[in-house]
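Student: Sequence and predicted structure are below.
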Amino acid sequence: MNVLTKRRLLIATVIAAIACWQWYRFSVARDNAEKALPSLTGKALVPNSPLTNVRLATSIPQKPVWSREETLALIHLKLHQWLETQASGGDDNDHSLADLEALLAEGHAVEIIKSLTPDELNTPFGMEVLGQWSQADLVTATNWVAANPQAMEDLTAVVAQDWAKTPGDLEDYTRQLPDSAWKQSLLLETGSLLSANNPEEAITLAQQMSPPSAQANFLQSVAGDWISRDPRAALDWIRNEPDPALREQLVAAAAKSYALTDPEQAAAWLASSVKTPQVANEAALNIVETWSVTDPKAAANWASLFPNGETKNSALNLVSNRWLQTDPESAALWLQNFPGKL
């Protein structure tokens, strides 16, 4: 008998013993209740009478009250079953995992989460337990994730959801942490959540991000997201960025995003604000690609104004290829009148 078979047999024995004990407790309680009732010999039970309801209640099994040890044993058994189902290609909504919700409702989130193996943690149930602990004691739960050698990205994302509700507290918390890959992961996860609804706080949080390239990449994503929702506020922030190189990167990111709604304005921003060739050329090609979907003629006319070189050729080829697929007649006519060669 291999180790896995012995483990399954042991778990099954424990569960069977627990079930027998619970049924015995219920049977004794039922018998005692029935003995305590007055004799009903020769009398019919009256529907809905208090006496009838008491007697019927004693014959209906009640939900068992599990001890902590019993709860943990059941949880591990259910998770073992679920993991085996997943390994064999089963459905993520397997009922064995759904049954765990009732056990989680009994409490003991801290004891449960600390008893789970890495594989058990990396399940929807493991994330749910961590979320319950995080809501009750965010700092302690986060410290546990940070100190857990098997901490996964999903675990960090769980606590980040609660930190995003109090970003000011997170700033204080992370300043006390030593710089590490995990700290940067927490900052990035929480900052990404804040970017959609609270970009100012996301930008403040980014000041603790490192290395500088990671910080710049994050701020560019904030610029692209913010410009699509509130162009005026986003541009005010970008214009006030003191680092000229970062400011150009933010303009380029914002222009690429804004090209989805107003490519002409995006092109104007790019031309007036970005002078670094590599940044400008990359953003220009992104704008051309987006613009060619909605107005290929305007995109082609703009691209034709680029200085002669690789970027201009790439932009014109990009527009013409897409335009020839959607409106070949108009594209051919424009190409005939275009003085250069593609």
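Tutor: Yep, it's here.

Student: hmm, which helix or strand of this structure has the shakiest average pLDDT?
Tutor: Ranked by mean pLDDT, DSSP states H and E, the weakest helix or strand in the chain is helix 50-58, scoring a mean of 41.

Student: Quick check: next helix or strand after it?
Tutor: Next helix or strand after helix 50-58 toward the C-terminus (DSSP states H and E): helix 68-87.

Student: packing partners for that following helix?
Tutor: Applying 3 or more Cβ pairs under 8 Å, 6 or more residues apart in numbering; DSSP states H and E, one finds that helix 68-87 contacts helix 3-36, helix 95-98, helix 100-104, helix 109-115, helix 118-121, helix 124-136. Where you see a C-beta, it was placed from the backbone N, CA and C, and this is true even at glycine.

Student: can I get the CA coordinates of the third one in PDB?
Tutor: Output in PDB follows, covering the C-alpha atoms of helix 100-104 (Å, rounded to 0.1, in the frame of the first residue of the first chain):
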ATOM      1  CA  LEU A 100     -16.400  24.400   1.800                       C
ATOM      2  CA  GLU A 101     -18.200  27.700   1.900                       C
ATOM      3  CA  ALA A 102     -20.400  26.400   4.800                       C
ATOM      4  CA  LEU A 103     -17.200  25.400   6.700                       C
ATOM      5  CA  LEU A 104     -15.600  28.700   6.200                       C
END
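
Student: in it, what counts as buried?
Tutor: 100, 103, 104 (16 or more other Cβ atoms under 10 Å).

Student: dump the residue contacts of residue 270.
Tutor: 251, 252, 255, 280, 283, 284, 287 (Cβ atoms under 8 Å, 6 or more residues apart in numbering).

Student: returning to what we had before: any idea which of the helices and strands packed on helix 68-87 scores lowest on pLDDT?
Tutor: Of all the helices and strands packed on helix 68-87, the minimum mean pLDDT falls on helix 3-36 (a mean of 52).

Student: quick one: stretch 230-237 to chain centroid distance?
Tutor: Remark: stretch 230-237 is offset 27 Å from the chain centroid, using Cα atoms, centre = their mean, to the nearest Å.

Student: Residues contacting that stretch, please?
Tutor: 199, 203, 223, 226, 227, 254, 258.

Student: Distance-wise, check the second one relative to residue 116.
Tutor: When distance is defined by Cβ to Cβ, to the nearest Å, residue 203 is 36 Å away from residue 116.

Student: one step back: and the furthest pair within the contacts of stretch 230-237?
Tutor: Farthest pair in these (Cβ to Cβ) is 203 and 258. Separation: 18.2 Å.

Student: Look at these two and report which has more neighbours.
Tutor: Neighbour count, other Cβ atoms under 10 Å: between residue 203 and residue 258, residue 258 has more, with 24 against 19.

Student: List the contacts of residue 72.
Tutor: Neighbour list for residue 72: 108, 111, 112, 115 [criterion: Cβ under 8 Å, 6+ apart].

Student: burial measure for residue 232, as a count.
Tutor: Residues contacting residue 232 under the criterion other Cβ under 10 Å number 8.

Student: Pull out the buried residues from the helix or strand containing it.
Tutor: According to DSSP H and E, residue 232 maps onto helix 231-239. Using 16+ other Cβ under 10 Å as the test for burial, helix 231-239 gives 231, 234, 235, 237, 238.

Student: Let me know the closest of the residues you listed to residue 323.
Tutor: residue 231 (27.9 Å).

Student: pLDDT value on the closest one, please?
Tutor: pLDDT, residue 231: 92.

Student: Same question for residue 69.
Tutor: What the model reports for residue 69 is a pLDDT of 80.

Student: coming back round to it: from the contacts of residue 270, which is closest to residue 182?
Tutor: Nearest to residue 182 among the contacts of residue 270, counting by Cβ to Cβ, is residue 252 at 30.7 Å.
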